[in-house]
Structure formats: structure tokens, C-alpha cells
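In: Give me coordinates for this.
(4 chains)
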2 protein chains.
Amino acid sequence: MPTVSSEELAAAAGVNSAKLRKDFSYLGSYGTRGVGYDVEYLVYQISRELGLTQDWPVVIVGIGNLGAALANYGGFASRGFRVAALIDADPAMAGKPVAGIPVQHTDDLERIIQDNGVSIGVIATPAGAAQQVCDRLVAAGVTSILNFAPTVLNVPDGVDVRKVDLSIELQILAFHEQRKAGEEAAAADTAVAPAARRQPADKGPDGDVPAVMPA
Amino acid sequence: MPTVSSEELAAAAGVNSAKLRKDFSYLGSYGTRGVGYDVEYLVYQISRELGLTQDWPVVIVGIGNLGAALANYGGFASRGFRVAALIDADPAMAGKPVAGIPVQHTDDLERIIQDNGVSIGVIATPAGAAQQVCDRLVAAGVTSILNFAPTVLNVPDGVDVRKVDLSIELQILAFHEQRKAGEEAAAADTAVAPAARRQPADKGPDGDVPAVMPA
DNA sequence: CCATCTTTGTGCACGCGTTCACAAAGACAT
DNA sequence: ATGTCTTTGTGAACGCGTGCACAAAGATGG
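Out: Here you go, the predicted structure:
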């Protein structure tokens, strides 16, 4: 029986082994003391807990570049997601296959949701159309929405929305990049005039800025 | 002079007003007691701290659906990012304009990076090509990489990588969705036989599972 | 069957971020 | 000027997640 120890897994994942064991213990998973975790059993337990063993039909609304990219994305199928339908407002798109799935018109949105028992919708429309699409999805029975449109969506209680902003990650990189440049400058400063270090409490219109930001 | 109070902002953002004030104080931003924060000044300070006032040339490598979607994404320009070049390995793509920018061939990658002083690269290639592209970007001087390919990239120290997995958000939604279903079932259970509630310590091969997951 | 060795599961302590609560600052009215 | 009222900036308390350290569990060998 192939097994792994929490120590091995932790090293591979770059985390603390105790944290890993504690997390596993929350799942009710059992390892064997002196041996480790049965790999197959562990994978199954985690998959089940994460909902990967279930079939999740999703619809993608808005088949532009992003919608098409999502429809083609390989990572979905392997995680239990099935693209049940592609929906677009453009009549010219209707019937055209994207990623092997024919695009359907927005008019049929409600029917599609209900016929396929869809509870998760993906919005990849322009910002202007997003709220309206969202309302129709919710009215048709969707209770979870993944929003790629750059708008904040209003939904009733009981509906989950997650917003993906493709530029946020880029912004975080730029922030660190800026910091790298700043560090170099500060290091140079110190080399030249260590005693001239600015005070930590130094503030004001032109004040320098301490460390704050997502990791 | 238009102003906002921390209370207003906190309510709008759905966070605690004290946290907001403390965060602002780290930026060295100054509000006026009894009045609030000068909106224009605040916006400028935050923009500057986040690096939004700088011009960040980026290259996008891999102009498939996703690459094209990114090239067209409006959110970039408004956040200080400028798509300096689009690069693809397919010779047939070369010269074709996407989002108004002509696609260039991978052969010229190094030159493009250097000519434009690019320090941030976006990888939207298939998984197989990602590491190779990454190596070339780094060798050419890129120090921050945004990776959309489903692979873990190896980079030397000093280079930042952020990985975006489009299915993770979907997976989180599915997790909560599963939980909603579970809650309903549990509620039904309780209604019928409240005394039969399972013990919190109940574990085992079929054990139930407690609360664990990203929010 | 006992001793030893490995690895789990977890109580406990520490540290960090969030929230509370309030003094100080400034605006504004009288 | 003086007092009142609003809102900031921040010290202190709290809570939660992380990491340490160890007892308990079980495998393995003699």
C-alpha cells in the first residue's frame, strides 16, 4: 500500500507538517501512526470533501475571447465541472460551436438552466450586461456565480458570487516590482549616508510608505 | 472640497472602519479630524502606493483565446499597464493584429523584452510550453511573471511568480454549493430526529466532515 | 511478547491582524 | 474666544491561525 508521511507532503508543498496534519484531522481523514497516510484513500477523501467527485454542470454566459478561453479550459473537466451550455446575446453566434459545444441564444437562458439543473453560472459578458444576466441566472435558479465582468453584482441572500479581476494579480506583481526598485534605491542611500536614514514616524505630504499589501 | 469619512468608506466596502483608518495611517495618508479624507488626495496617495501612477509595459506570451482575452481586457490600461507586445510561437499568427497590436514571433522574444524595458511577463501558453517561455523571459530580464498555464514554474531567486488557476474559484463555489446542499439535509435531519444528531467527535471511514475551506 | 522506532493527532503557547474604545485634533456655530 | 460636535489616529485587548512539542498508537524486529 503506497503511503506518504505528513513530513514528505509538507516538504513538497512548502508548508509546515504540523499544520498539514491538523488540517487533515479536520477532514476526519486517518493516517496510520508510524506509517503515514494511504495515498489513494487520502486523495479520495480530499476529492470528496472538495466536491470533486460530484458532477457540476455550469453555463458560461458571454462567449467572447474570455468565454471561449473558459470553454476550452482543460482544468474544468478534471475537477468535476461540465460545461452544460454556452450562451451569448449575439444572434450571429447562435449555433456556432465553441470548444465543440454549440452556442445558444440568451433568449433560452431560463430553459437551459432548468433543463440541465444548473446551479453554477459563469459570467464573461461585458460589464454593462453583467447585472442583467446575473438577475436572470438567479431568477432561473442559479445559486453560485463566478463573475469575470468588471462590475460588482447585486444578488439576493443565499446566492454566492465570486469576482475574478484579471488585473489584480498583475497589480500585485507590479506592486512588488515597485518595491524591488525602492529597496535598491534605499540600499544605495544607506551605503552613501547611513546616518541620514529617515525616521519610521516620518510622515507628511511626501512621506515614505511602510509595508502594507497582500502577500 | 469633497471628502469621505472612514465610516462611509467602510460601510461601502463592507469592512470595519477602524481597520480602514489604521490601514490608511500606514500609508502616511492624512485625513482631517472632524471632516474625513480628501477624496482626490486619498485616491492619488493610494494610486501611487499601489504603483498605479507608473507605466508598466507588459508582454503577453501565447495568443490563444486567453491571451487574446487578456490583450483586450480593458482593466489593464486603467491600472497603469500597457501591453507592449503580443508574442506567439505560431508563425501563422505573426503580424496578425489582436486588440490592435500585431502579434510577433517567439524568436524575437529577447529583443522585444529588452527594447521595451519589460519587467513583467504574462504566460498564457499551453502547459507544455510554459516553463520554456518562462526561462527565456527570465533570461531576458523579466523579474515578475503572471502564469495562467496549469503548471508550477521554476524560477531563480528574485523573480516573482503568481499563478492564476481559473478553475480554483469555480471549485470554491462548488464547495460552498455542496455545503448548502449538506446544510439542507442536516436541517431536515434535525427536524425529524433532533436527538439523533451525530457527535462532533464522530469519525471513521464514513465520518462526516467539519468546516474547513477558504472563505 | 517485549522493546524500539516511526509517525500521527493534538494541547498549548506564541504572534499577528482585527476590533474596540477613547483621547486628541480640528471644524463650525455662537 | 469658547464650547460643542464630528472624525481621526492609535494604544490596548481580543481572537484565530500557526507552529512547537510530546504523548499515544501502531508497525517492525528480535
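
In: Counting neighbours, what do you get for residue A:38?
Out: 18 (other C-beta atoms under 10 Å in any protein chain shown). Every C-beta, even on glycine, is put in place using the N, C-alpha and C of the backbone.

In: That one against residue A:1, yeah?
Out: Yes. Residue A:38 is within contact range of residue A:1, at 5.8 Å (criterion: C-beta atoms under 8 Å).

In: so what are the domain limits for chain A?
Out: By the record's domain assignment, chain A is partitioned as A:3-50, A:56-166 (automatic domain parsing).

In: Surely residue A:109 is in a helix?
Out: Yes. Membership of residue A:109 in a helix is supported by DSSP: H, G, I helix; E, B strand; the rest coil.

In: Which single residue of chain A ends up nearest DNA strand C?
Out: residue A:34 (2.8 Å; C-beta to the nearest atom of the strand).

In: Could you check how far that residue is from DNA strand D?
Out: 3 Å (C-beta to the nearest atom of the strand, to the nearest Å).

In: host element of that residue?
Out: Assigned by DSSP states H and E, residue A:34 belongs to no helix or strand.

In: now residue A:145
Out: Counting by DSSP H and E, residue A:145 is found in strand A:144-147.

In: So what touches that strand?
Out: Applying C-beta atoms under 8 Å, 6 or more residues apart in numbering or on different chains, the contact partners of strand A:144-147 are A:119-123, A:130, A:134, A:137-138, A:153, A:155, A:159-164, B:169-170, B:173-174, B:176-177.

In: which residues of chain A fall in strands?
Out: Using DSSP state E, the strands of chain A run over residues A:3-4, A:37-38, A:56-61, A:81-88, A:97-98, A:101-105, A:120-123, A:144-147, A:160-163.

In: export the ones you listed to CSV and tack on mean pLDDT and distance to residue B:67?
Out: Converted to CSV, the strands of chain A look like this (pLDDT from 0 to 100; distance: least, C-beta to C-beta, whole Å):
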stretch, mean pLDDT, distance to residue B:67
strand A:3-4, 96, 37
strand A:37-38, 96, 39
strand A:56-61, 97, 18
strand A:81-88, 97, 20
strand A:97-98, 96, 16
strand A:101-105, 98, 21
strand A:120-123, 98, 19
strand A:144-147, 96, 20
strand A:160-163, 91, 22
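
In: Residue A:45 - nearest residue in space that isn't next to it in sequence?
Out: residue A:29 (4.8 Å; C-beta to C-beta, 6 or more residues apart in numbering or on different chains).

In: And for that neighbour, the neighbour number?
Out: Residues within reach of residue A:29, counting by other C-beta under 10 Å, total 20.

In: wait, isn't it in contact with residue A:43?
Out: No. Taking contacts as C-beta under 8 Å, residue A:29 lies outside contact range of residue A:43: 10.3 Å.

In: where does chain A come near DNA strand C, residue by residue?
Out: A:4-7, A:17-18, A:21-22, A:24-25, A:29-37 (C-beta under 7 Å from any atom of the strand).

In: From the residues you listed, list just the buried residues.
Out: A:4-6, A:21, A:24, A:29-31, A:36-37 (16 or more other C-beta atoms under 10 Å in any protein chain shown).

In: so who does the spatially most central residue of chain A touch?
Out: Closest to where the C-alpha atoms of chain A average out (C-alpha atoms, centre = their mean) is residue A:164, at 6.6 Å. Residue A:164 is in contact with A:146-148, B:166, B:169, counting by C-beta under 8 Å, 6+ apart.

In: For those residues, which entry has the maximal number of neighbours?
Out: residue A:148 (26 neighbours).

In: how close does the nearest residue to that one once chain neighbours are set aside sit to residue B:133?
Out: Leaving aside its chain neighbours, residue A:148 sits nearest to residue A:124 (4.7 Å; criterion: C-beta to C-beta, 6+ apart). For residue A:124, the distance to residue B:133 equals 25 Å [C-beta to C-beta, to the nearest Å].

In: Which residue of the two possesses the greater neighbour count?
Out: For residue A:124 versus residue B:133, neighbours defined as other C-beta under 10 Å are more numerous around residue A:124 (26 against 23).

In: for that one, phi and psi?
Out: phi -130, psi 30 (degrees, to the nearest 10).

In: Surely it and residue A:58 touch.
Out: No. Contact criterion C-beta under 8 Å: residue A:124 and residue A:58 do not qualify, at 11.6 Å.

In: Could you list the contact residues of chain A toward DNA strand D?
Out: Close to DNA strand D, as judged by C-beta under 7 Å from any atom of the strand, chain A has residues A:15-16, A:18-19, A:21-22, A:32-35.

In: what is the closest residue to residue A:137 other than its chain neighbours paired to in the beta sheet?
Out: In space, residue A:137 comes closest to residue A:121 once its chain neighbours are excluded; the distance is 4.3 Å by C-beta to C-beta, 6+ apart. Legend: beta-bridge partners of residue A:121 under DSSP bridges are residue A:59, residue A:145.
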